[in-house]
Structure formats: structure tokens, C-alpha cells
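# need the 3D shape of this:
(3 chains)
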Amino acid sequence: MTDMRAEGRAAMSDGNRRRIDDELGTAARGALATRGVTKRYGSIVAVDGVDLDLPAGSFFSLLGPSGCGKTTLLRIIAGLEQPDGGTIHVDGLDITRQPPERRPFNMVFQRYALFPHLSVFDNVVFGLTTAGSERPPKAEARRRVGDMLTLVGLDGYERRWPSQLSGGQQQRVAVARALIRHPRVLLLDEPMSALDRNVRHQVREELLRIHSELGTTFLLVTHDQDEALSISGTVGLMNNGRLEQVANPEGLYRHPATLFAARFIGAGTFLDVAVGARSPGIAEVDLGGIRFGAEDTGLTGDRATVLLRPEEVKVTDPGAGRIDGRIVTCAFFGSYYELTASTACGTFRLRDTHLRAPGEAIAVTWPETAGIAYVPSAAASAATDDIAPLGASEA
Amino acid sequence: MQIHRKLETLLLSPLGLFLAATVVLPAFILFGYSLFLWRFLEPVGALTFENYSESLTAPVSRQLVINTLLIGVPTTIASVVGGYALAYYSVFGTGRGRRLLFALIVTALMASYLVRIYAWRTLLGENGIVNSGLEALGLIGAPLQFLLFSRPAAILAEVSLFMPLAALAFYAALAGISPDYREASRDLGAGRGETLLRVTLPLTGPAILGTVVLTFFLSAGDYVTPVLVGGVGSSTVGTAIATKMGPAGDYGSGAADSFLVLMGFVFIYLVLRAAMRAGRILPERAA
Amino acid sequence: MSRRRGIPWLAFTCVALILFLYAPLAVATIYAFNSGTRLVWPPEGVSLRWFGHVFGDELFRNAFATSMTAAVATAVVSSSIGTVAAIVFTRRSTKLARLVEALGRLPVMLPPLFVGIGFVALMKATSLAPSMLTIVAGHTIVVIPFVILVVTARLRTYEVEVEQAARDLGATPLQVIGRITLPIIAPAVFGAFLVAFAFSFDELLITNFTSGTQSTVPIYVLGRLRRLVDPGANAVAVILLLIPWIAFGVGQVVLKRFTGSGLSDALLQQGR
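Numbers count the residues shown, from 1 in each chain, chains lettered A, B, ... in the order given. As a prediction, the model looks like this:
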């Protein structure tokens, strides 16, 4: 590894424009690592010391609300922005100071950025004809473009123009254009955001198929949790420039590590409780007299905010549950109804298979041990009722 | 807001009628005039194309056209290249000077046309700054005569007129290009220079074509600059037309010349467009 | 690209180009205040004598009056018919509207010489003698595209919904224009007025053909410039430089202050 690194550095320092690829050879490719990457705009810290580890061939999503720094981080990795601190390594080679055209990555832009003055063919072949590329002979270039277009399902589209294509087709051309250079990591900036709902499902399938066929590492950035959770092997949740949690989708949903993660991912009920006795992993909490056990995420002090997922909470008849309440809203979601119920101790978000009328008296119940307890934040009560239910988070 | 047909016509008529009367109608009148020979400010004789044939064949015409090209081509090239450089820096350069530069470009554009030409005299004249400076430095013994009242002087003056205009046109075109395209180009392996050549330039192709033709056209029609700072060799088709339609009173020939010049420029536009397309500076399809 | 590593040689070139553009103007201005009579460098002293000399010339005073009158008249005419038409351009895209708009933007693409000779032909054919009317008409032609530019830029940036709301509340189209649209675009119209004034004051190429025996300031200056050595010409040149600049400057300030975007932004929108 050391030899390769030294070789790589020598190749770069002699001004040679051959791609770093050639220097590193074809050993396990596409492992991306960032250490302490920081970026500031004036007094705002957009990216705050992020450490990322992507194994070669993985499918990783960076998820977070607008302004959390995910797009900035992606652009830093692509070389379109320079970080104020930190390093970026690919397969052990430090590429932090390299300009974008010399990095072994390629990006699919959010609005595709297909060159409007070039045909589909010229767009896709562009990456093979730039100064720093291999520049294969015409016949081979044509063959490779054809292969790429077939890979993305646009066989025979060479002669078309971007203005003639639909959004979904334009995106596929953008993907083909990026992949033709065999990047070690494919970077995708909010790939679904500009697409219609019904096209997204198709695109999701396509991306997964291409990923498994090529084995290239994919790094995708999105604010849409459905997108991230349904497509990736690993998800990195970002907030205010920091990486809050890295886990597989199920882990992120079932065990959100922070209150932010709990609020951002999925839907749930958030209750303000008092903390009682604590044992390893479980804390006894008290909701206005009702006691139960919740997962302990590192509580300090004597108050906590508990997350109860809709699957954990059930509707029963008044008096037969832990706490009585009244139905406030009832919305139809196809296979279930999503209900909100107000009680003396807070508003609950639940699901039921029956239609309930607003004002109906019910009771809410949950198991002895349920939910996750977090240290309450300053804005604890603020957003409780604003969290969209899972499945309705369209861009 | 819904404007009904009647209201629309009513509101458009002042401007429409005015322009029809002052731009469209005169064009037809001019064409009519071009078909007669003129003497003493009156048309004489029958309908004829002699004005056209005379202008096309006379040796004087050839000289005029050559002068127009000798002044117009360098002017256009310098204005367009300089304008593009100014615009490029205004749009893509490092933060600090950009807005100031743009303000300076716009202000230069607003400066008086006449003063911009005339002021070159104070620089280039026998007692002007350039000569005085060169003398003071001991580089020359006597003032250089050729600086003023020569073609180069006319070219300099016209470039100072048209460069800000070109810069503005290019600023609009460059600013209108989404940064995505240049970033995508860099992402795909092109360096700064290659991106400029293969992406930025073609995307501003239509603006370049339009500005080149317009600048050349304006230069040909500028009949004051040659008078003020040009010399014997700077009579252009513009000065000829101005003389014919002014003091000389030969409206027939003047009108014919103007139509010939117009057609000439349409031709230039088409040729240039084909050349730019061949050179991949102008895309086949509108971006 | 966020990483704006300066392009040093380009910056240097731009500085040189700016010097090229402004040097003549700076020099002419310096000489206007020259106390000596000769165009030598360095200038002999500072004085305002040339300005006094110029204003003492009756011909100049007449020309100045003519220019002012023509400029105001041009500004009034062009901003009114231009604004009214611009309102239609941005609300309707019928063939008629698009034709008139194309016609309105045309004069920028013609050398003023051609507009001028067109006028000559028109005056000859209609036996119209050169007068203030023809001067103003000629100026209006070249100025209209800029009025349209500035006003359409403003019209395009405010919510059309307010007009629809007015209709919903019972206003007729004419009332909407008078009570909603015009007040909102008034600063832009004023800015266009000043731009028209400035361009008209400085106009020369067409005015040569349309003014007959009258002189405007540029024509007066041209006459003086035909004489080789005339230090007074510098003073007039400075006046010719200043008046439109002041008008433009005020127009720009008004536009920026009241509408948030200036003449330059309007010019940018044009390119899209």
C-alpha cells in the first residue's frame, strides 16, 4: 500500500494528467474515507469535522434536512469545493488537493446538467474525450457509449438531444455519462427530487440494478428518508454539519441514536416523562403516574423525552388501556388509518385498521417495556406535532 | 390580467404606428428612391437599377469596401475579444473586483458617444499625451504624425466605443449559463481551458455571432469617427452613404448603397454562422 | 465553481482594458480645466475659463436649449408610448403584440445611420421640413428599445396575481392599469424617462439628418471639433459627458432604490 501511495504521489507531482486510477491499479476499488472534513462560509459551519467510511462497492446515502451540509460534503468529495480542514482518501490515496478533473469520482447532478448543445452521444462520450482521459479510438468509444446506454436502458438514443428527453431519460443519460469513466465512486446529488412520483420507483430499481451489475461504490445525497432508507445499504444521518448516526436503514429506524434522528426518521409519539430507576440499557420512566420501561440512550438528569413508534402503541376501549383520550384526527392511508389522539399527558400518533370519528373516546396502551428515552433538548416540545408520518414525505 | 383584443390594439397603436411610420415606411420609400437616378435633389428618368450596378462596379466602391473592412475587422475582433475578457472576469473572476468592473463597463457605455471618439485626439495628437510622453522619454525626436488622422486612430476610437457594448452582451450570456454545466465538464475530466472551449464558448455561441455581426455593422455605419480621427484612408461605406444622403443629395445612390450594405451583412451573418457551426463554436441547436 | 483561484493574467488584462476605455475621457476632462490654450502635457494650470467661454457663445446657448427641449420631449413621448406598449407585451403574446415588440427592439440592431437616412427619405417624400418634431421623432426611435427594456424588466418581476385580484374585486382592465400596474412600475418608468433623456441629449448620428438648421449640443460640438485646435471644445465635451451621466446616475439610483434592480439588471434580463 505504501508503495502505491508513493507512486501515486509521484505521478501527480510530475504534472502528468493520467488518471489516478492507472497508478493505483485494479486492487479493491472504491473505498472512500474522509477524516475531519470541515467547511465554513463566514461564521456558518456547513460541514463540521465529518468522518466517513465507505467500503468498496457499498451503497451509502447521506440523509438530512435542508442545510445540514450533505450537499456541501458531496461537492467537497467531488472536488467542486475546497474544505477548510480535513482529508479525503480513496483506496488509501490522499486526493484532498486534487482538482475535480483528476479525481476518480463522477457526479450525477441534481438537475442533470446535460450539455444542451450536444447530442446524447456527445454528452456520454464527453468524459472519454477530455484532456485527462484515456481517449480511446473512435470505434471503441462508440462501442462503449452504446454499452453505457444499454446499461441504463436507453439503447439507440445516441442521436437524440437533451431537450427531446423526459426527466427520467435525462437522468439516465446523466448516469451513463458519469459511469463511462469507470469512477471508483459514483456521486448522486438528490437523484429523485426532480422526478414525478411514479418515475421514482423505476429509477430506484434501475440504480440498484446498475449498482449490483457494476459493483461501483455509490454515494447518494438526499433529504427524502424514503429514498435513503429504501435504497441504501448504509445511511449516514447529518444535522447541522455533523454526522449524527451511521447505520443500516433498519437500525436507523429502530434505534435512532439521538433525539434529532428520532424526530427525523419515521413518525412517532414524543412524551415528556420523569426518569426513575435506571438499570443497564433500560430506564424506568413516569408519564404522569403511568410507569413503564424505555431504552436508555444515556440519560442524565431526571427528565427525558420518550419516542413511541406507532407500531408499539394500540387503541383500545376507554378504561382498558394505560391512558384515556379522545381522537383528534383520522386520516386514511390505504392499509391503515393514521390517528392522533389527545390525552392528559400529550398527543399520541397511532395506527388502526378501523375508521374512528374525531371526538371519539378511546384509550391508548403500550407494553411494559417500550420506546426509547432521550435527553430532552431545548426545543423538545416544539416540533412534536409537525412530524410527517412515514410515507408522506414528498419533496 | 386579461387584456381584450380591442384594448390591446388600442394600447399598442401609438408605438406600432409610430414605428411603422418612422422605420418601416421609410424602408419602402428608400427602396423606391433607389430605383431612380437623382439630380439636384429630385429623381429623374425612368425606373432603373443603375444605382445598384454603378455601386457594385465602380472602383471607388471597391476602395470604400476595403477601407470598411480594414477598419471594421480589427475593430470587431478587438472589441469582441476584449469584451469577452471583461465579461468573463465580471462573471467568473475572484470576488472583489467583479461588481466594480461591471459598473465600470456600464458607465463607459453611458459615456457620450462623441466625447469617446473625440477624446482620442487629446491622446494621439501632435501635442497630445502619447507624443509628449514619448518625446519626454527621448524615444522620438519629433511628434509622430501618423498617430492621429489615420486608420489605426479610427480603429482605436471605435474599439473604445464598441467594447463596452460587447462586454455587456457577453455578460448577459455568460451569467445566464448555469454553473452546473461547467462543473459537470470539470467532473468529467476537462480542465479550465478545455471547459471554456468546449462548454462555455459554445453555450455563448449565439451571443458571439450576434455581437460580431452587430459590431461590424455598427462600425460600417459610423460616419463620424472617420471624420474626427480618421485620415484619408478611412472613408467607409458609412461615410459615403452619409454624404450621399446629406450634402450631396444623391438619394438614389445613397439608398441603393444602404440596401447593398444591408444585404452584405446578411451574407456575412450567414457565412459566419456556417463557419462557427463548423468550428463547433456555435451549436447546431439552440442551447 | 466556488474555488475561485484568481486568474491573474485575466485580471491584469481587464485592468488594462478599463484604462484603455477611460484614459481618453480622463484626459479630455483634465484639459477642460486647463488654463492654457495649447494641448500640451502637462496642462498649464487649472481654470474654468473655457466653460465661461463656451457659455458665452450664443450658438452654444441655443444648442443647449434645443438639446434640453428635445431631450425632455423625447423622454416624455418615449416613456409614455413605450410603457403602455410594454404592459401589453408582458401580458399578451398574440402575433400583433410580438410583432410590435420585435419592431420596438429593432432599432438597437441598426446603425443609427440607417435610421437617419430613413428619416431623410421620409421627410423628402412627405415634404416635411426638419424641425423639433423630426428631431424628437428621430431620438424616440433609438430610445424606445431601452424604455421597453427597463419597463418590461420591472413588469416581469412583480406578481401578476395582484392584477388578477383587482379584477376579482371588480376593476376593469383599464382601471387595473391605472390604479395597480402604473403605480407599481412608476419608478421603473421614471428610470426609463431619465435613460431616454440621457440618450437623447447625446444623440448625434441621426440628429445630423433631422435637425436642419438647428443645432443640438452634439452637433455644436462636432462643428467646433472640425477645427483642429480648439481648447474650448474640451469644455463642451465635458458638459456633454456630464449631463447624460448625471441623468443615468439618477435613473440608476431611482431604479435600484425603488425596484431593487437597476438598469444593469434590466440589461441582463434582456439576454435571457
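# in terms of pLDDT, where does A:V199 sit?
Note on A:V199: pLDDT of 84.
# can you count the residues close to it?
Counted with other Cβ atoms under 10 Å in any protein chain shown, the neighbours of A:V199 add up to 16. All C-beta spots, glycine's among them, are computed from the backbone N, C-alpha and C.
# buried ones in whichever helix or strand it is part of, by neighbour count?
Assigned by DSSP states H and E, A:V199 belongs to helix A:197-214. Buried residues in helix A:197-214, counted by 16 or more other Cβ atoms under 10 Å in any protein chain shown: A:199-200, A:203-204, A:206-207, A:210-211, A:214.
# for the stretch 101-250 of chain A, which segments count as strands?
Along the stretch 101-250 of chain A, counting by DSSP state E, counting those that start in this stretch, strands occupy A:105-108, A:185-189, A:217-222, A:234-239, A:242-247.
# so which of those strands is nearest chain B?
strand A:105-108 (5.0 Å; Cβ to the nearest Cβ).
# pLDDT on that closest one, on average?
Strand A:105-108 comes out at a mean pLDDT of 92.
# can you check stretch B:98-106 too?
Per-residue scores along stretch B:98-106 average to 88.
# for that stretch, which outside residues touch it?
B:86-87, B:89-91, B:93, B:164, B:167-168, B:171, C:14, C:18, C:21-22, C:263-264, C:267 (Cβ atoms under 8 Å, 6 or more residues apart in numbering or on different chains).
# keep only those of the residues you listed that are in helices.
B:86-87, B:89-91, B:164, B:167-168, B:171, C:14, C:18, C:21-22, C:263-264, C:267 (DSSP state H).
# nearest to chain A among those?
Using Cβ to the nearest Cβ, B:V91 is the member of the ones in helices among the contacts of stretch B:98-106 that sits closest to chain A, with 17.3 Å.
# who's in contact with the residue sitting nearest the centre point of chain C?
A centroid search over chain C (Cα atoms, centre = their mean) returns C:F199, at 2.3 Å, as the residue closest to the centre. Going by Cβ under 8 Å, 6+ apart, C:F199 touches C:139, C:142-143, C:146, C:244.
# got the buried residues for the strand or helix carrying it?
Counting by DSSP H and E, the element that carries C:F199 is helix C:182-202. Counting neighbours by 16+ other Cβ under 10 Å, one finds that the buried residues in helix C:182-202 are C:184-185, C:187-202.
# just stretch C:118-126 next, same as before
Across stretch C:118-126, burial judged by 16+ other Cβ under 10 Å covers C:118-124.
# what helix or strand does the residue nearest to A:P256 when sequence neighbours are not counted sit in?
Nearest residue to A:P256, sequence neighbours excluded (Cβ to Cβ, 6 or more residues apart in numbering or on different chains): A:A262, at 4.1 Å. If you go by DSSP H and E, A:A262 is part of helix A:259-264.
# tell me the mean pLDDT over the next helix or strand after that helix?
Remark: after helix A:259-264, the chain's next helix or strand is strand A:269-279, criterion DSSP H and E. When pLDDT is averaged over strand A:269-279, the result is 89.
# which elements pack onto strand A:269-279?
If contacts are counted by 3 or more Cβ pairs under 8 Å, 6 or more residues apart in numbering or on different chains; DSSP states H and E, strand A:269-279 sits against strand A:282-287, strand A:290-296, strand A:303-308, strand A:346-352, strand A:369-374.
# okay if I get the ones you listed as TSV plus distance to chain C?
TSV is the format used below for the helices and strands packed on strand A:269-279 (distance: least, Cβ to the nearest Cβ, whole Å):
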stretch	distance to chain C
strand A:282-287	46
strand A:290-296	42
strand A:303-308	38
strand A:346-352	36
strand A:369-374	36
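# nearest to A:V108 among these would be which one?
strand A:303-308 (34.6 Å; Cβ to Cβ).
# between the closest one and strand A:290-296, how many degrees?
Counting by axes from the mean of the first three to the mean of the last three Cα atoms, to 10 degrees, strand A:303-308 lies at 90 degrees to strand A:290-296.
# flag every buried residue along strand A:303-308.
By neighbour count with 16+ other Cβ under 10 Å, strand A:303-308 contains the buried residues A:303-308.
# what does stretch C:65-79 give?
Neighbour-count burial for stretch C:65-79 [16+ other Cβ under 10 Å]: C:66-68, C:70-75, C:77-79.
# can those residues go into CSV with extra columns for pLDDT, distance to chain B and secondary structure?
As requested, these are exported to CSV (pLDDT from 0 to 100; distance: Cβ to the nearest Cβ, whole Å; DSSP: H, G, I helix; E, B strand; the rest coil):
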residue, pLDDT, distance to chain B, secondary structure
C:T66, 94, 16, helix
C:S67, 94, 12, helix
C:M68, 94, 15, helix
C:A70, 96, 15, helix
C:A71, 95, 13, helix
C:V72, 96, 18, helix
C:A73, 97, 14, helix
C:T74, 96, 12, helix
C:A75, 96, 15, helix
C:V77, 96, 9, helix
C:S78, 96, 9, helix
C:S79, 94, 11, helix
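# would you mind putting those residues into TSV with distance to A:L74 alongside?
Output for the buried residues of stretch C:65-79, formatted as TSV (distance: Cβ to Cβ, whole Å):
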residue	distance to A:L74
C:T66	64
C:S67	60
C:M68	60
C:A70	60
C:A71	56
C:V72	58
C:A73	59
C:T74	55
C:A75	53
C:V77	56
C:S78	51
C:S79	50
